[in-house]
Structures are given as structure tokens and as C-alpha cells.
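Peer 1: Sequence and computational prediction follow.
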Amino acid sequence: KNEVEQSPQNLTAQEGEFITINCSYSVGISALHWLQQHPGGGIVSLFMLSSGKKKHGRLIATINIQEKHSSLHITASHPRDSAVYICAVEGDNDMRFGAGTRLTVKP
Amino acid sequence: KAGVTQTPRYLIKTRGQQVTLSCSPISGHRSVSWYQQTPGQGLQFLFEYFSETQRNKGNFPGRFSGRQFSNSRSEMNVSTLELGDSALYLCASSLAGQPNSPLHFGNGTRLTVT
């Protein structure tokens, strides 16, 4: 079992839909990151969380430390949100990554 | 402010050769971390440098090494290249380093080993 599990692996949505991507982890962490990767490889850091909830525009990220679970929500999804979303957990000495969720938003 | 710059963008090498990749962090950032991304293994942490010292290292063989200079620029070296080293190599810089500092990624160097 991977230490960082993301679901779903693939997600197709219609423009305007509310989207949720989940991340569960089994190791102790000091922070959790949500990353966005577009075709071509560039990665953008969306959020860094150690507790609670953060919001940036249409994106919301939450984390439950006790349950070792985080969610990334996208409200009013748009085709430009199409990308791979990666959950990464940061321990004291390293960083471990989920396999990513490939999101396609259709107009 | 300029972003994280990685050079070169693309590289083709032959098995057995060595390669050096470069990463220039955002001005003022003292931490640089390196990652390997392959279709099979996804993203994996290689190592992190902070103020010219390697602070953390992932589970990679000794053929993978790096260093950081006094201006925070970092280089990663892979010796005796293997076909399996073909990957996208990404670096990221942060102000204070792990843990708990937001990461700023470069666009990566795509290495192909033939």
C-alpha cells in the first residue's frame, strides 16, 4: 500500500461542476502540499497545509490531521483547470507524493 | 522576481555517460530540492540542500549527487547513466527549506538516456 493515496485517479467533469480530489496518507507529516501539473511538466504549488482549511479563488483545500486525510475542492470548474493534481506530504526528512489525479474539464 | 530556472530543458545522453543539471532558485531562497518524475514511479524526492549543505536525501543510489553553491544555485549530477534514469528532473526552491515552506518549481530538465 502506498503511503500517499489519491482518489480518483482520473476525473472528467463538465464546466461549472464542483470537483473534489481526495488524499489519504499513512505517515506522520509536518505539512501537506497540493500541486498542479500541466502538460509539458511545469508544477505549480497550490496550497501548503498543516491544519484546517485554506481558500484561494475557486480552490479550497482542507486537512484533517487526526484522520490523515486532505481534500482539494474546485468550485465552478473551468476547462483551464484541466491538469494533474498531486498531493505531497512532507515529513521531517523527505517528501512523498501521491500518484496524481488527472482532471479533464469539458466545455 | 524571476522564477526558478533549470538548464538545460532537454538532454539526450548515452548509457554510461554522466550528466550535470543546473537549478537557479528564486532570489533570496536558500533551499533547493530535487525530484525525479517518471511515468512508472511518479514523483520521487532526491535530495534537499540548504545553505550549501545537504539536509535530506531520498532513497536513490550514490550515482545521484548534488551540491549547492554560495549563491544558492544548485547542480545535480548523475554518473554512469542507466536507461531507467530517463525522466523529468525538477527542482524547487523555498525560502527556508523543509519543513513547512511553500515550494516554487522550475520547468524541469527532460533527460533521455539511450
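Peer 2: Happy to help now that I have it. Numbers count the residues shown, from 1 in each chain, chains lettered A, B, ... in the order given.

Peer 1: Any idea what the most centrally placed residue in chain B is bridged to?
Peer 2: Geometric centre of chain B, nearest residue: residue B:34, 3.2 Å, by C-alpha atoms, centre = their mean. With DSSP bridges as the criterion, residue B:34 is bridged to residue B:47, residue B:91.

Peer 1: Flag every buried residue along the lowest-mean-pLDDT helix or strand in chain B.
Peer 2: Using mean pLDDT, DSSP states H and E, strand B:53-57 stands out as the lowest-scoring helix or strand of chain B, at a mean of 91. Residues of strand B:53-57 classed as buried by neighbour count (16 or more other C-beta atoms under 10 Å in any protein chain shown): residue B:56. For every residue, glycine as well, the C-beta is placed using N, CA and C.

Peer 1: List the buried residues for whichever helix or strand comes after it?
Peer 2: The C-terminal neighbour of strand B:53-57 among helices and strands, as given by DSSP states H and E, is strand B:64-68. For strand B:64-68, a neighbour-count test (16+ other C-beta under 10 Å) marks B:64, B:65, B:66, B:68 as buried.

Peer 1: how about TSV for the residues you listed, with distance to chain A added?
Peer 2: Output for the buried residues of strand B:64-68, formatted as TSV (distance: C-beta to the nearest C-beta, whole Å):
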residue	distance to chain A
B:64	14
B:65	17
B:66	15
B:68	17
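
Peer 1: returning to what we had before: can you tell me how far the residue nearest to the centre of chain B sits from residue A:102?
Peer 2: Between residue B:34 and residue A:102 the computed distance is 24 Å (C-beta to C-beta, to the nearest Å).
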